[in-house]
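[1] pasted the sequence and its predicted model underneath.
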There are 2 protein chains.
Amino acid sequence: MPLRVGFIGLGIMGKPMARHILESGYPLTVHNRSRAAVDELVALGATAAGSPAEVARATDVVVTCLPDGPDVEAVATGAHGIAEGIGAGSVYVDMSTISPVTTKRVAAAIAAAGATMLDAPVSGGQIGAQNATLAIMVGGDEAAFERVRPLLQTMGKNIVYIGPSGSGQIAKAANQIVVGLTHEAVAEALVLAAKAGVDPARVVQAISGGAARCWALENRAPRLLRRDFQPGFYSSYHLKDLGIALEAAGSVGAVLPATALVRELYRSLVSKGYGKEDHSAVVRIVEDLSQVEVRGGEQA
Amino acid sequence: MPLRVGFIGLGIMGKPMARHILESGYPLTVHNRSRAAVDELVALGATAAGSPAEVARATDVVVTCLPDGPDVEAVATGAHGIAEGIGAGSVYVDMSTISPVTTKRVAAAIAAAGATMLDAPVSGGQIGAQNATLAIMVGGDEAAFERVRPLLQTMGKNIVYIGPSGSGQIAKAANQIVVGLTHEAVAEALVLAAKAGVDPARVVQAISGGAARCWALENRAPRLLRRDFQPGFYSSYHLKDLGIALEAAGSVGAVLPATALVRELYRSLVSKGYGKEDHSAVVRIVEDLSQVEVRGGEQA
């Protein structure tokens, strides 16, 4: 008998993820703050539940995909939360990106209810969720991970077990550090070129093949040169994620000077009203500092 | 009749580059501070000259590959320098990585002698020089570039004309900004993992396929996890190159906060005695700050 699965948080990530689970043949019970996404999945064969506790009561595995730590705490350990309904031996998989500190606190509450929590944050964005090509980084009990691995495989491709509870969130924080810093690196490189009167498009062409090669340069610099900051991934989410990385660093005593600096630049970007632009828009802050705009000379 | 070529600066980069020129059939005249490399190339068919001026007198194109700006100024515009011997219509190609400010000054002196200077810094390191796969970023007169392009093709693969004098150096500075910042990004990500008790090797595995993908993560993180900091590219050279980037930025009014921070971290690395280690060794500074050492659990 297949695992009975619950899914809570049917946003731009969660909805396509839940659909992949459903289409893979798992009986699915769903819950969401707003009703429209629930109706959509019910039309595809899912069952609606009135609360996270109800979802947990009806299923063997509960998955959440929520915006931030406070949302996860409310849904998991608040009134009518998962911890109230989850059965002994069940597994709770949180696929949100939240602080590993919060993760460990929630995991303890789930353990007290006789169940197991895995942290399984994803990378790959909306497109990865739609195409079931997400990278999934998993922390928590390894036997529980093996039990839900086939379920995770309906949503993602590169699924890596990292280590004990919170480790998945640490891996995701590491990911967001590298991504944020490479966006800033590309921004500073192209601002230097633009301010020196050099065509940034030629610089991108010249440096993309060597040791400067990175996802941000390959995938975002060409759009940046056209002033296209359509997300992609919201700047405001990246600001949140760098905050998580620095909170995690603070909690274990890691000192991350460039991450701290880049977080401040994202803070400025978001407070200037660009939170809904792609995270590559951090170039706007370096442009403001340098009083220049980066544009590619030969771009359409 | 093929161009008669001169080459000055037969170091770990220059010597293999000069050999490729010679083996491609160009008559080659060489000069170098120390004699051993000259003898090696003479044995392969090159002619030795007693000074940069003599090299310039005997050739149509003079190439230099030297450690830093002051070396280039001495060789190009000092006593018995290139400017003393270079003929009207000849081309001087400087393949060193130096300040674009210095480049423009030297280019003016070469122009006053009736010749043309191109800045053509390379990326790809010693291995790129040996395999003739260097990336070459060219600034200066475009007609002069077209004239020497076949010569450059004996040494490199991705040869991009960037723009007027100094533009090649700006592109190289942009390259070194991105490379330095990605090494720091990987360092901070892995220090967070290590300090949080998470296996950095699994984190590398989990994040390498997505938006964190970069040359430093793919090519240097696996070595870093084994504490292998064999160069590659010297930290002391990267410190020099970030200084060039910031000098260039200062001269045009670009403000590069993360580059400035990372330069300071490289300064600490070099002053602690790690200048001859690979630039990925910047992780040592983040490790010192965080009192932890990054090691991969499952590495040999």
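    Right, received. Where do you want to start? As the structure is a prediction and not an experimental result, all values here were calculated from the model.

[2] quick one: the strands in chain A?
    Secondary structure of chain A (DSSP state E): strands located at A:5-8, A:28-31, A:47-48, A:61-64, A:91-94, A:116-119, A:122-123, A:134-139, A:156-163.

[3] residues in contact with the longest one: which ones?
    What it means is strand A:156-163. Around strand A:156-163, the neighbours that count as contacts under Cβ atoms under 8 Å, 6 or more residues apart in numbering or on different chains are A:122, A:124, A:128, A:132-139, A:142, A:145, A:149, A:152-153, A:168, A:170-171, B:197-199, B:202-203, B:205-206, B:209-210. Using the backbone N, CA and C atoms, a C-beta is placed for each residue, glycine as well.

[4] can you check the fourth one too?
    Strand A:61-64 has contacts (Cβ under 8 Å, 6+ apart) with A:3-9, A:17-18, A:21, A:52, A:55-56, A:72, A:75-76, A:82, A:86, A:90-96, A:148, A:151.

[5] which residues does residue A:122 bridge with?
    Beta-bridge partners of residue A:122, counted by DSSP bridges, are residue A:136.

[6] wait, what's in contact with it?
    Taking Cβ under 8 Å, 6+ apart as the definition, contacts of residue A:122 comprise A:13, A:95, A:97, A:128-129, A:134-137, A:155-156, A:172.

[7] most surrounded residue in the residues you listed?
    Tallying neighbours with other Cβ atoms under 10 Å in any protein chain shown puts residue A:137 at the head of the contacts of residue A:122, with 33 neighbours.

[8] which residues of the stretch 1-150 of chain A lie near chain B?
    Residues of the stretch 1-150 of chain A that fall close to chain B, judged by Cβ under 8 Å from any Cβ of the partner chain: A:100, A:123-125, A:128, A:135, A:137.

[9] turn those into TSV, including pLDDT.
    Shown next, in TSV, are the residues of the stretch 1-150 of chain A next to chain B (pLDDT from 0 to 100):
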residue	pLDDT
A:100	97
A:123	95
A:124	93
A:125	90
A:128	94
A:135	96
A:137	98
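
[10] which one among those residues gets closest to residue A:225?
    Using Cβ to Cβ, the shortest approach to residue A:225 within the residues of the stretch 1-150 of chain A next to chain B belongs to residue A:125, at 21.1 Å.

[11] ok now the lowest-mean-pLDDT helix or strand in chain A, how far from the chain's centre?
    Taking mean pLDDT, DSSP states H and E as the measure, helix A:125-131 is the helix or strand of chain A with the lowest mean score, a mean of 94. The gap between where helix A:125-131 is centred and where its chain is centred comes out at 11 Å by Cα atoms, centre = their mean, to the nearest Å.

[12] against residue A:136, how distant is residue A:128?
    With the distance defined as Cβ to Cβ, to the nearest Å, residue A:128 ends up 10 Å from residue A:136.

[13] now swap in residue A:220 and tell me
    When distances are taken as Cβ to Cβ, residue A:220 and residue A:136 turn out to be 23 Å apart.

[14] do residue A:255 as well
    Counting by Cβ to Cβ, the separation of residue A:255 from residue A:136 is 29 Å.

[15] now swap in residue A:257 and tell me
    Following Cβ to Cβ, the distance that separates residue A:257 from residue A:136 is 30 Å.

[16] same thing with residue A:113?
    When Cβ to Cβ is applied, the distance between residue A:113 and residue A:136 equals 24 Å.

[17] ok, now residue A:90?
    The span separating residue A:90 from residue A:136 equals 19 Å under the rule Cβ to Cβ.

[18] what residue ranges in the stretch 1-150 of chain A score low on pLDDT?
    Low-confidence regions of the stretch 1-150 of chain A, defined by pLDDT under 70, are absent; no residue qualifies.

[19] and the helices in it, which stretches?
    A:14-23, A:35-43, A:52-58, A:69-77, A:82-85, A:100-112, A:125-131, A:142-153 (DSSP state H, counting those that start in this stretch).

[20] and of those, who's closest to residue A:281?
    Proximity of the helices of the stretch 1-150 of chain A to residue A:281 was assessed by Cβ to Cβ; the nearest stretch is helix A:125-131, lying at 15.3 Å.

[21] just the buried residues of the contacts of strand A:61-64.
    A:3-9, A:17-18, A:21, A:52, A:55-56, A:72, A:75-76, A:82, A:86, A:90-96, A:148, A:151 (16 or more other Cβ atoms under 10 Å in any protein chain shown).

[22] in contact with the closest residue to residue A:208 other than its chain neighbours, which residues?
    Once its chain neighbours are removed from consideration, residue A:208 has its nearest residue in residue A:217; the separation is 5.6 Å (Cβ to Cβ, 6 or more residues apart in numbering or on different chains). When contacts are counted by Cβ under 8 Å, 6+ apart, residue A:217 touches A:182, A:186, A:204, A:207-208, B:178.

[23] what's the closest of these to residue B:281?
    Set against residue B:281, the nearest of those by Cβ to Cβ is residue B:178 (18.0 Å).

[24] what's around the closest one, how many residues?
    For residue B:178, the tally of surrounding residues (other Cβ under 10 Å) stands at 32.

[25] contact partners for it?
    Residues touching residue B:178, when contacts are defined by Cβ under 8 Å, 6+ apart, comprise A:182, A:185-186, A:189, A:207, A:212, A:214, A:217.

[26] mind doing that once more with 10 Å?
    Taking Cβ atoms under 10 Å, 6 or more residues apart in numbering or on different chains as the definition of contact, the neighbours of residue B:178 are A:182, A:184-190, A:203, A:207-208, A:210-214, A:216-217, A:221, B:214-216, B:259.

[27] also residue A:52?
    Going by Cβ under 10 Å, 6+ apart, residue A:52 touches A:6, A:8-9, A:31, A:62, A:64, A:74-86, A:92.

[28] gap between the most far-flung residue of chain A relative to its centre and residue B:166?
    Seen from the C-alpha centroid of chain A, the residue lying at the greatest distance (Cα atoms, centre = their mean) is residue A:197, 37.2 Å away. Remark: distance between residue A:197 and residue B:166 (Cβ to Cβ) = 9 Å.

[29] can I get the CA coordinates of stretch A:112-131 in PDB?
    What follows is the C-alpha trace of stretch A:112-131 in PDB, where atoms were taken according to Å, rounded to 0.1, in the frame of the first residue of the first chain:
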ATOM      1  CA  ALA A 112       7.900  14.300  21.400                       C
ATOM      2  CA  ALA A 113       4.700  13.300  19.500                       C
ATOM      3  CA  GLY A 114       6.400  10.000  18.500                       C
ATOM      4  CA  ALA A 115       7.100  10.900  14.900                       C
ATOM      5  CA  THR A 116      10.200  12.000  12.900                       C
ATOM      6  CA  MET A 117      10.900  15.300  11.200                       C
ATOM      7  CA  LEU A 118      13.200  15.700   8.200                       C
ATOM      8  CA  ASP A 119      14.400  19.100   6.900                       C
ATOM      9  CA  ALA A 120      14.400  18.900   3.100                       C
ATOM     10  CA  PRO A 121      14.800  22.400   1.600                       C
ATOM     11  CA  VAL A 122      15.000  22.600  -2.200                       C
ATOM     12  CA  SER A 123      16.800  24.600  -4.800                       C
ATOM     13  CA  GLY A 124      15.900  25.100  -8.400                       C
ATOM     14  CA  GLY A 125      13.000  27.600  -8.000                       C
ATOM     15  CA  GLN A 126       9.600  27.600  -9.600                       C
ATOM     16  CA  ILE A 127      10.900  26.000 -12.800                       C
ATOM     17  CA  GLY A 128      12.500  23.200 -10.900                       C
ATOM     18  CA  ALA A 129       9.300  22.600  -9.000                       C
ATOM     19  CA  GLN A 130       7.300  22.500 -12.200                       C
ATOM     20  CA  ASN A 131       9.700  20.200 -14.000                       C
END
